[in-house]
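> Give me coordinates for this.
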Amino acid sequence: SPTSVASMPLGGSRGAGRGAPPRPSSVTGVPPSKKKAEPPKQLCGVGLLFSREKAEGGGGSVWVVRKVIAGSPAGECGLVQLGDVLKSVDTNSVGKMESMFEISKCLLGAEGTTTTLSFDRKGEAYSVPLLRSNTFIGSEGNNNANKPIETQEETMEV
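Alright, predicted model coming up:
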């Protein structure tokens, strides 16, 4: 008897002609990929030290650049300056983030990936894409480098 479209499984065909949907490859005997899993990549930053400070005019607090590490992605780009106020990391606004742990979850990432930071400098907004790297770590020291993120001070190099 002919098969009506209404009785066909979603996706179109009826599989192996017996009315069953196609089986996943793990059931059909197709070997899984022999590619070895890569180890997780080390989290890297962009070479900035931030501190949480009271905003001018009493409007809460802001994350301020306190150090740009020489030789880091931020240092090499030459755009970020001391006193710049961090506004966002990629699409994540940092205005209501209260801890460096929250900020670091946005800033840190796999080496070689790009993050875009948006800043305010004396009322002028600007954004800068930076390539995450760890090649600069240790060049000027990082007091928090060996501490778990949860116990790090509220100023942290990332």
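
> Mind listing what's buried along the longest helix seen in the chain?
Longest helix in the chain, counting residues (DSSP state H): helix 100-107. Using 16 or more other Cβ atoms under 10 Å as the test for burial, helix 100-107 gives 100, 103, 104, 106, 107. Any C-beta I mention is one placed from the backbone N, CA and C, and that applies to glycine too.

> Most widely separated two among the residues you listed?
Farthest apart among the buried residues of helix 100-107 by Cβ to Cβ are 100 and 106. That separation is 10.8 Å.

> what does the next helix-or-strand element following the longest helix of the chain contact?
Next in sequence after helix 100-107, counting helices and strands by DSSP states H and E, comes strand 109-110. For strand 109-110, contacts defined as Cβ atoms under 8 Å, 6 or more residues apart in numbering pick out 41, 42, 43, 44, 115, 132.

> Which residue, other than its chain neighbours, is closest to the last one?
In space, not counting the residues next to it along the chain, residue 132 is nearest to residue 44; the distance is 4.2 Å by Cβ to Cβ, 6 or more residues apart in numbering.
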